[in-house]
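Asks: My questions concern the predicted model and sequence given below.
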Amino acid sequence: MTLQSGGAADPEIKALAPWFHNLHLPDGRQTAPDHPLGDFPAFKWAELGAALPEDLSGARVLDIGCNAGFYSLALAGRGASVLGVDVDPHYLRQAAWARERCGISESQLELRQMQIYELAALDEQFDLVLFLGVLYHLRYPLLALDIVAGRVRDRLVLQTLTMPGEEVVEAPPDLGIDERQRLREPGWPAMAFIEHRLAGDPTNWWAPNRAAVEAMLRSAGFRLESRPGHEMFLARRLHAAPDPDELRAVLSLSMRGASRGAR
């Protein structure tokens, strides 16, 4: 996806280019008005925002891969206390600049540079977690989802690139070794591995089908509540997240790393 150079000839916006989020600022300016996807992500927020409470006062929210902060700003505007995290300092500079222009305090919208796996060492749970446009960029998607699940107190919104197809097969409690032909049935939970590039992006690693996304959510301790938009899944915490050996190892390494950093 080509990033946008910035709105018209506005010097402030151009200085922070390129932009992936078209932010609508209070003074009427837009950061990427010619976005190839249209008014992105405003049209996505129109779908998601309708599925979330208008008043989020008192709610604690985590926005994973916050980019320039469109969703973080929108949620803070509904009264939530938001932590926005992203691995890219460029996007975080954009989000900090937009936060100031929107008159939102740092205490209401905190921004941190973090890898998703570092969330394992975060000693906090959130009422709402946004996990949008990140899963398919990860080499270790289920591990990441388990880590994210540990941060969710109530609801999770997951959006990911998917394979075409809406079929969903109910998998049996146990699949016999000689029944593996069922793995090729339409609607069986499956993920396509992208060895090289998709849309020119070498970080597009996975494309799960709808059935796989829903199965992964169940595996991570969630119940699917609704699908507010295309490739978007709103799920509610059903039981505690799983605690596999891999996750315990990641937590142990993360805590050791956090301890070393505190010295």
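Replies: The structure has been received and is ready for your questions.
Asks: mind listing the helices for the chain?
Replies: All helices of the chain, identified by DSSP state H, fall at 11-15, 42-49, 70-77, 89-101, 141-149, 210-219, 245-261.
Asks: now the third one: how far from the chain's centre is it?
Replies: Yep, that's helix 70-77 we're talking about. In this view, helix 70-77 has its centroid 14 Å away from the chain centroid, taken as CA atoms, centre = their mean, to the nearest Å.
Asks: Grab the nearest non-local neighbour of residue 22.
Replies: Counting by CB to CB, 6 or more residues apart in numbering, residue 22 lies nearest to residue 32, which is 4.0 Å off, once chain neighbours are set aside. For every residue, glycine as well, the C-beta is placed using N, CA and C.
Asks: I'd assumed residue 25 was in contact with that neighbour.
Replies: No. Between residue 32 and residue 25 there is no contact under CB atoms under 8 Å: 11.7 Å.
Asks: what about residue 178, distance to residue 233?
Replies: Residue 178 sits 33 Å away from residue 233, taking CB to CB, to the nearest Å as the criterion.
Asks: Ramachandran coordinates for residue 185?
Replies: phi -70, psi 140 (degrees, to the nearest 10).
Asks: same question, the one 5 residues further on
Replies: Torsion angles at residue 190 (phi, psi; degrees, to the nearest 10) stand at phi -150, psi 150.
Asks: Where do the strands of the stretch 51-200 of the chain begin and end?
Replies: For the stretch 51-200 of the chain, strands defined by DSSP state E, counting those that start in this stretch occupy the ranges 60-64, 81-86, 109-113, 126-132, 152-159, 191-193.
Asks: in this structure, which helix or strand is least confident?
Replies: When the helices and strands of the chain are scored by mean pLDDT, DSSP states H and E, helix 245-261 comes last with a mean of 64.
Asks: distance of the residue of the chain most remote from its centre from residue 83?
Replies: For the chain, the C-alpha farthest from the mean C-alpha position belongs to residue 178; by CA atoms, centre = their mean, that distance is 37.4 Å. Shown here: residue 178 relative to residue 83, a distance of 49 Å by CB to CB.
Asks: just to revisit the earlier point, dump the helices of the chain to TSV, plus mean neighbour count and distance to residue 163.
Replies: Compiled in TSV, the helices of the chain are given as follows (neighbours: other CB atoms under 10 Å; distance: least, CB to CB, whole Å):
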stretch	mean neighbour count	distance to residue 163
helix 11-15	14	36
helix 42-49	16	20
helix 70-77	23	25
helix 89-101	18	27
helix 141-149	22	14
helix 210-219	20	8
helix 245-261	13	25
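Asks: Can you list the buried residues in stretch 15-27?
Replies: By neighbour count on 16 or more other CB atoms under 10 Å, the buried set for stretch 15-27 is 16, 17, 19, 20, 21, 22, 23, 24, 25.
Asks: Make TSV from the helices of the chain and add distance to residue 170 to it.
Replies: Supplementary listing: these in TSV, determined by distance: least, CB to CB, whole Å:
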stretch	distance to residue 170
helix 11-15	50
helix 42-49	27
helix 70-77	33
helix 89-101	40
helix 141-149	20
helix 210-219	9
helix 245-261	27
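Asks: between these, which one is nearest to residue 168?
Replies: Shortest separation from residue 168 across the helices of the chain is recorded for helix 210-219, at 4.5 Å, computed as CB to CB.
Asks: angle of that closest one against helix 141-149?
Replies: When axes from the mean of the first three to the mean of the last three CA atoms, to 10 degrees is applied, the directions of helix 210-219 and helix 141-149 differ by 50 degrees.
Asks: Please list the residues outside helix 210-219 that contact it.
Replies: 141-142, 145, 156, 158, 160, 162, 165-169, 171, 187-191, 208, 223-224, 233, 235, 242 (CB atoms under 8 Å, 6 or more residues apart in numbering).
Asks: from those, which would you call buried?
Replies: Neighbour-count burial (16+ other CB under 10 Å) applied to the contacts of helix 210-219 gives 141-142, 145, 156, 158, 160, 162, 168, 188-191, 208, 233, 235.
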